[in-house]
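S.K.: predicted coordinates and the sequence they were generated for:
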Amino acid sequence: MLLQLDKAGIRFGGLRAVQDLDLAIQEGQLVGLIGPNGAGKTTVFNLITGIYAPTEGDIKLSGRSIVGLGPVKVAASGIARTFQNIRLFGGLTVEENVKVALFRHQGATLAESALRLPRYQQEEREAEEEVRKLLETFGLLASAHLGAEELSYGLRRRLEIARALATRPKLLLLDEPAAGMNPSEADDLMHLIRWVRDTFGVTILLIEHHMPVVMGICERITVLDHGARIAEGTPAEIRANPLVIEAYLGAEAHA
Amino acid sequence: MKGAAIGYALFVVALAAIWGVDQFVIPYTDRYLTDMLLRVAICVISVSGLALVLGFTGQFSLGHAGFMAVGAYSSAVMSMKFGVPFPLAVLLGGLFAGVAGLAVGVPSLRLTGDYLAVVTLGFNQIIIVAVQNSGSFVDAVRALFGTSGAEGKPAELVLGSFGEVLSRFGDLGGAQGLTGVPLETNFGWAFTWLLLALVTLRNLLRSPHGRTFAAVRDNEIATRSLGIDTTRVKVTAFVIGAFWAGVAGSLTAFKLSSIFPNQFESKVSIELLAMVVLGGSGSLSGPVLSASLLTLLPEFLRGLAEYRMMIYALLLVVMMIVRPKGLLGTRELSDVILAGYRRLFPVRKPA
Amino acid sequence: MTLFLQQLINGLSLGAIYALIALGYTMVYGTLQLINFAHSEVFMMGAFAAFLFAGAMGWGDGAGVGAAAAVALVAMGSCAILGMTIERIAYRPMRKSTRLNMLITAIGVSIFLQNLALRLWGTNLTFPDLIAKTNWEIAGVNVASNSVMVLGVTLVLMIGLTWLIEKTKIGLAMRAVSHSRETAALMGIPVDRTISFTFALGSALAGAGAFLFLLGAPKVDPQMGAMPGLKAFVAAVLGGIGSVPGAVVGALVLGLCETFVSGYVSSTWRDAVAFCVLIVILLYKPSGLFGKHIVEKV
């Protein structure tokens, strides 16, 4: 069991944004998290990544509780994420954006960097190599020296995913990666995500509204509504679940 | 490997050139011109440090002059009261300022932009007030610890010598200024420190650490999601900036021979800030350029000397509205020159 | 005991003046999320306006309450106009810019005004004693007429302000805009005009503060706004920046702290009090006494 949420919940003042949530993800799985707008999906991501601390329940990564660690330590334990509004480093190039992700794995000190000592030089060479390979596999090599903000929307999304992968995570959280994409772009993304999981062996939890993407690649899906889990199962099971249909379309649609 | 070797070689050559000029050219140079060059060098050192903090890490530090004061006073005391030789005194001045930067930065850098600006301004003022009241501090220390005498119980001796050290440290002349600092700053040392500052800062900015500074500036939340402790990054930049401010302050003390607390007021901090902003936050050569120009400008505009601050202020406001990225924005002078060169001499593709 | 009560009254009247200035900071921050660095210079200009007007009208020592009232109103009016002008020329074009840039612009305006005053009028001018000062003995405590005036005028202005914010349409508009500019605009509230009004109001209060300040410290100088301005800002932060009652409470607390430290400890550390208070609040409770902590959406 890689990630486990055990009756996790959070309240903001009087509002219970997430309540009583059970979630279990095995290593290597590709899991989807869906639900109508405002259901609390991004809040769940924020809980997992430590941006919010749950007011109830527990969150465990590989059996160890990660509650209260804060976003930096949680990320350091192997959870990477992308954001709903793409968060790239505008002042850096495409290549540099990915290089930042390697920082944690680099050991050269300030002095070594300032004086260009051998350890710094070696690490820079290795980083350069690793980043090139990653950019190449994501089709971003040609844009390596462009400013991150100069890329098209689709490429920026890919860059954010490439950057997240550069941290060598065990678990990758993707927050609406297909947002704003047309059907063909979404289709490409779908294949990319599955390919990422297959090639890098990373476990993926995905928030998405694009149903074809979700149904197409997710092995299991959890459905949230008003902060609570209303269904969990395979895509086929979810598609047929009346509660899910009702949550999305409203009670009248079902009648 | 080869790139680094060339870098080292160039550094040695530059160093030799600096001292060559110091020994063979400066003695024949107009005093006034030399003085101007020193002022530019010192200003650029200070501004570069601030450019790292403000431009590259995006931290709104409004108390940079306070760290210059720490450097100036501590190096002066080290030299005059503890007999430390000049080059070492300057280094110590920088280190003391760095420690001050740590003390100020650790609690403050959790705060967002506006608040950080005000806190750093506050610290700047506190440092000034502390220096101005150093006389009463010394009296208090003397009363509390006594001063070392040859006799007395061991405990008294220890406390006494501690008190002696503290009071030596604390005797900063107050508002009347600290006088009698040896005149040691010359072209050679000023430009050596300048070379060191620019080289190490430039190297740092193009290193993994440098990228984390920019990352924190551009998107702190994303940076944290990569497992990077952003507070630590901010404090690091802050301390380095403070160090260089301290070095600049030390060089100032040994140039002017007398230093006064009001030379390091928030007004100066704001001037330094203006230089960074006008030069281009996100660039190192931009602020270097603007600092040089703005230090030299009053010389050429003698008549407008009284309007200097007003012109600064207007420039600031106009720049912010019209060209918020400053003179060079995020580009370096080398990029600008290269771009201009390419425009003049476009590379023609083979037929 | 009498010393204590004496200090209490001094502290409160100092706090009252800080409150008048602090309100300008807090209202502008609530609306634009901008620390209006230039506000301390608006205060200073108010003092100059008072001085110049009194001089132009030929009013000197003992000119009377009528003259004083006229001077106060002129100060308030000039400040209001200056505040609105600054907003229109320097801040409005920056609305879409980053907060850092707006802050820098504010600093630029502040320096500009300081130096402008220096060029135009010089330093170290003295404001006439328009109203003869007397001391009264109440319950064995020496009460200066000055303090009474300061507290009285401030109280009246506070009541007026509260009424304006709570009971009038423009007050509602101000509150709406400080909650959410976009929503207010969608509701048909004239946002630009409301912001202008906010600046005018905050600046006018600073003008009143300048007049009252001059009653006790009749020196007029281009640098005179810096310290009171910074301290008033600290007061606003202490109370929770963006909160109107917070600004008042914070200012009174700060005035009292400063007076007691000055009286019982040492007057050389007087100025440091404000900064120490600032640092302590920002480290432990940045949202201040009445403020809310705004969380960035992830």
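M.R.: That came through, no problem.

S.K.: what is the neighbour count of B:P27?
M.R.: 9 (other CB atoms under 10 Å in any protein chain shown). The C-beta positions use only the backbone N, C-alpha and C, and glycine is treated the same way.

S.K.: should've said C:M187
M.R.: 12.

S.K.: now it: closest residue in space that isn't a chain neighbour?
M.R.: C:A176 (6.8 Å; CB to CB, 6 or more residues apart in numbering or on different chains).

S.K.: and that neighbour, how many neighbours?
M.R.: C:A176 has 17 neighbours, counted by other CB under 10 Å.

S.K.: my read: it touches C:E182, true?
M.R.: No - with contacts defined as CB atoms under 8 Å, C:A176 does not count as touching C:E182, sitting 10.8 Å away.

S.K.: what sits against the closest residue to chain A within the stretch 51-200 of chain B?
M.R.: Nearest residue of the stretch 51-200 of chain B to chain A: B:T200, at 4.1 Å (CB to the nearest CB). Residues counted as contacts of B:T200 (CB atoms under 8 Å, 6 or more residues apart in numbering or on different chains) are A:114-115.

S.K.: swap in 6 Å and give it another go.
M.R.: Applying CB atoms under 6 Å, 6 or more residues apart in numbering or on different chains, one finds that B:T200 lies in contact with A:A114.

S.K.: ditto for C:Q114
M.R.: C:41, C:222.

S.K.: so it is in which element?
M.R.: helix C:99-121 (DSSP states H and E).

S.K.: if you average pLDDT over the next helix or strand after that helix, what comes out?
M.R.: Counting by DSSP H and E, the next helix or strand C-terminal to helix C:99-121 is strand C:125-126. The average pLDDT within strand C:125-126 is 86.

S.K.: the helix or strand following strand C:125-126 pairs with which strands, and in what direction?
M.R.: Scanning forward in sequence from strand C:125-126 by DSSP H and E, the next helix or strand is strand C:135-138. Within its sheet, strand C:135-138 is paired with strand C:141-144 (antiparallel), according to DSSP bridges.

S.K.: secondary structure class for the closest residue to chain C within the stretch 51-200 of chain A?
M.R.: In the stretch 51-200 of chain A, the residue that lies nearest chain C is A:I51 (5.4 Å; CB to the nearest CB). Classification of A:I51 by DSSP: H, G, I helix; E, B strand; the rest coil places it in coil.

S.K.: ok, now A:V18?
M.R.: From three-state DSSP, the assignment for A:V18 is strand.

S.K.: show me what contacts it?
M.R.: Listed by CB under 6 Å, 6+ apart, the contact set of A:V18 reads A:9-10, A:40, A:43-44, A:227.

S.K.: which of the residues you listed are close to chain C?
M.R.: By CB under 6 Å from any CB of the partner chain, no member of the contacts of A:V18 lies near chain C.

S.K.: among those residues, who's most crowded?
M.R.: Counting by other CB under 10 Å, top hit in the contacts of A:V18: A:V44 with 29 neighbours.

S.K.: and the residue nearest to it when sequence neighbours are not counted, what pLDDT?
M.R.: Closest residue to A:V44 apart from its sequence neighbours, by CB to CB, 6+ apart: A:V18 at 5.9 Å. Note on A:V18: pLDDT of 91.

S.K.: could you measure A:V18 against A:G35, distance?
M.R.: Going from A:V18 to A:G35 by CB to CB, to the nearest Å gives 11 Å.

S.K.: please report the distance of A:G91 from chain B.
M.R.: 5 Å (CB to the nearest CB, to the nearest Å).

S.K.: over to that residue: give its phi and psi.
M.R.: Per-residue torsions, A:G91: phi -90, psi 0 (degrees, to the nearest 10).

S.K.: same question, A:L205
M.R.: According to degrees, to the nearest 10, A:L205 has phi -120, psi 130.

S.K.: could you report the neighbour count for it?
M.R.: Neighbour tally, A:L205, other CB under 10 Å: 25.

S.K.: beta partners of it?
M.R.: A:V31, A:L173.

S.K.: pretty sure it is touching A:L30, no?
M.R.: No - at 8.4 Å, A:L205 and A:L30 do not qualify as touching, with contact defined as CB atoms under 6 Å.

S.K.: what does the pLDDT read for C:K96?
M.R.: Value listed for C:K96 in the pLDDT field: 82.

S.K.: any idea how far A:P212 lies from chain B?
M.R.: A:P212 is 28 Å from chain B, by CB to the nearest CB.

S.K.: what of A:G32?
M.R.: In terms of CB to the nearest CB, A:G32 sits 21 Å off from chain B.

S.K.: run a quick neighbour tally on that residue.
M.R.: Residues near A:G32, counting by other CB under 10 Å: 24.

S.K.: hmm, A:I221 and it touching each other?
M.R.: Yes - contact criterion CB under 6 Å: A:G32 and A:I221 qualify, at 4.2 Å.

S.K.: what's around C:V148, how many residues?
M.R.: 15.

S.K.: in which helix or strand does it reside?
M.R.: Using DSSP H and E, C:V148 falls in helix C:145-167.

S.K.: following that helix, which helix or strand shows up next?
M.R.: helix C:169-179.

S.K.: helix or strand for whatever residue of the stretch 51-200 of chain B ends up closest to chain C, just tell me which one.
M.R.: Across the stretch 51-200 of chain B, the shortest distance to chain C (CB to the nearest CB) belongs to B:G122, at 4.1 Å. In this structure, B:G122 sits in helix B:113-132 according to DSSP H and E.
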